[in-house]
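Peer 1: Okay, sequence plus prediction incoming.
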Amino acid sequence: MSTITAPRGLAGVVVTDTELGDVRGREGFYHYRQYSAVELAHLRTFEDVWYLMVHGELPDATQRAAFTARTVPLRRLPDAVREVLPALSRAGAGPLAGLRTALSLLGAEADFRPVYDIGTDRRVADTLAACAVVPTLLAALHRIGRGLEPVEPRDDLPAAANYLYMISGEEPDPDRARAVEQYLVSTIDHGFNASTFTARVIASTGADVAACLVGAVGALSGPLHGGAPSRALDTLDAIGTPERIDPWIREKVLAGERIMGFGHPVYRTEDPRSRMLRDIALRFGGPLAGFAVQVEERVEALLAELKPGRELHTNVEFYAGVVMEQCGLPRSMFTPTFCVARVIGWSANILEQAADSKIIRPAARYVGPPPPQPVPAVG
């Protein structure tokens, strides 16, 4: 079998065909199926876009009502899963780590079967069950970790508002619930990022939906993938005041250090998600939003001076952190909130991959000592 040498990180390598969407990095544009993702975030609900990713079309009023009636009851935790959450929370690793174990248990409790062995309808049912319960799991793990009782989901609230309600125990302000919903819609899917590719690799083995999602969550937990929103806010905290922006950024850039919240492996222009979230942050106003804009402007200006020709713009994490802070989400829940959205994209990719029975199995180039070497005797 002939082999093809690929670049590090598989950058730019096309590994399959997809109908789910694409990221056009040089244009600063991405889409879910045939629709602009940002336009969907402006005009449609989280549930509408969830339906789109599963069924390939936006729902009409009748379809939306039926989809809501199907998914809302799935928000509630099975007793066996609920009982283990205090132990997961005591482990102290945070909601995202607890989610990995909880999803495994959910898969066993709900009798998720290998996608290789089941038909499309059952695969869809398994993904809906997992996606609906993830916000409940994350909110419960968060509250238990702070010595609070979990809050049961409400059937009358849309997904984003219900998520905020389960975290705080109070019905959220509609404007802030809508802002979080727009963030969630904008982050449902984003091409073959590390976690999505991980989910598809596992799905290609025929494993069950829970196994695929656990692997995706593990990939998302890495700070180079989903862990940056709180770190971007930590950057703003470290800078502190406007007069410290330039010296702080100069020091980091000249030392070759990464500035969290800036740069993206695909976009070579402004991240359209960042642009949308900046507008939301400025709509709420306040000193944090204004300071974030100042930092963004100075980072770009200083990079133009210190690293001529290097394009580096804010990515989704920078203003996502600002918006989530404005909406009352604790920083420990920034990446879990990202997961609330991305589980929809992972699931759509699992369903698409499950329709292809070809296992993903690339090759590696061996660069160690030349074999075969004689095996030394003991002693």
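Peer 2: In hand now; what should we look at? Numbers count the residues shown, from 1 in each chain.

Peer 1: What segments of the stretch 251-379 of the chain are helices?
Peer 2: Residue ranges of the helices in the stretch 251-379 of the chain, as given by DSSP state H, counting those that start in this stretch, are 272-284, 287-306, 316-326, 334-354.

Peer 1: Looking at the ones you listed, spot the one closest to Arg33.
Peer 2: When the helices of the stretch 251-379 of the chain are compared by Cβ to Cβ, helix 334-354 sits nearest Arg33, at 9.4 Å. Quick note: C-beta positions are derived from backbone N, CA and C, even for glycine.

Peer 1: helices and strands around that closest one, which ones?
Peer 2: For helix 334-354, the packing partners by 3 or more Cβ pairs under 8 Å, 6 or more residues apart in numbering; DSSP states H and E come out as helix 46-55, helix 95-109, helix 120-145, helix 174-186, helix 194-204, helix 209-220, helix 228-239, helix 316-326.

Peer 1: so can I have a markdown table of those showing mean pLDDT?
Peer 2: Compiled in a markdown table, the helices and strands packed on helix 334-354 are given as follows (pLDDT from 0 to 100):
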| stretch | mean pLDDT |
| --- | --- |
| helix 46-55 | 98 |
| helix 95-109 | 95 |
| helix 120-145 | 97 |
| helix 174-186 | 96 |
| helix 194-204 | 97 |
| helix 209-220 | 96 |
| helix 228-239 | 80 |
| helix 316-326 | 88 |
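
Peer 1: Of all those, which one is nearest Glu152?
Peer 2: helix 120-145 (8.4 Å).

Peer 1: And the closest one, what does it pack against?
Peer 2: helix 46-55, helix 61-71, helix 79-90, helix 95-109, helix 159-168, helix 209-220, helix 334-354.

Peer 1: ok, 6 Å please
Peer 2: Helices and strands touching helix 120-145, as assessed by 3 or more Cβ pairs under 6 Å, 6 or more residues apart in numbering; DSSP states H and E, comprise helix 79-90, helix 95-109, helix 159-168, helix 209-220, helix 334-354.

Peer 1: on that earlier part again, let me have the helices and strands packed on helix 334-354 in TSV, extended by mean neighbour count and distance to Asp156.
Peer 2: Formatted as TSV, these follow (neighbours: other Cβ atoms under 10 Å; distance: least, Cβ to Cβ, whole Å):
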stretch	mean neighbour count	distance to Asp156
helix 46-55	21	14
helix 95-109	21	24
helix 120-145	22	15
helix 174-186	21	13
helix 194-204	24	32
helix 209-220	25	27
helix 228-239	20	29
helix 316-326	26	24
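
Peer 1: out of those helices, which comes closest to Ala341?
Peer 2: Closest approach to Ala341 among these (Cβ to Cβ): helix 174-186, 4.1 Å.

Peer 1: before we move on, the earlier item: now render the helices and strands packed on helix 334-354 as CSV, adding distance to Arg273.
Peer 2: Formatted as CSV, the helices and strands packed on helix 334-354 follow (distance: least, Cβ to Cβ, whole Å):
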stretch, distance to Arg273
helix 46-55, 14
helix 95-109, 20
helix 120-145, 20
helix 174-186, 5
helix 194-204, 16
helix 209-220, 16
helix 228-239, 12
helix 316-326, 4
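
Peer 1: With respect to Ser274, which of the ones you listed lies nearest?
Peer 2: helix 316-326 (5.3 Å).

Peer 1: quick revisit: for Gly261, which of the helices of the stretch 251-379 of the chain is the nearest?
Peer 2: Per Cβ to Cβ, nearest to Gly261 of the helices of the stretch 251-379 of the chain: helix 316-326, 3.3 Å.

Peer 1: Which residues are in contact with Ala41?
Peer 2: Counting by Cβ atoms under 6 Å, 6 or more residues apart in numbering, Ala41 touches Gln182, Val185, Ser186.

Peer 1: which sections of this protein are below the confidence cut-off?
Peer 2: Along the chain, segments meeting pLDDT under 70 span 1-2, 226-229, 263-268, 310-311.

Peer 1: Outline the domain layout of the protein.
Peer 2: By the assignment in automatic domain parsing, the chain contains the domains 31-222+337-354, 228-326.

Peer 1: With distance to Pro371 added, can I get these in CSV?
Peer 2: Output for the domains of the chain, formatted as CSV (distance: least, Cβ to Cβ, whole Å):
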stretch, distance to Pro371
domain 31-222+337-354, 27
domain 228-326, 35
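
Peer 1: just to revisit the earlier point, output the helices and strands packed on helix 120-145 as TSV; include the columns distance to Gly240.
Peer 2: As requested, those are exported to TSV (distance: least, Cβ to Cβ, whole Å):
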stretch	distance to Gly240
helix 79-90	33
helix 95-109	28
helix 159-168	28
helix 209-220	30
helix 334-354	20
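
Peer 1: Select, out of these, the one closest to Asp48.
Peer 2: helix 159-168 (10.5 Å).
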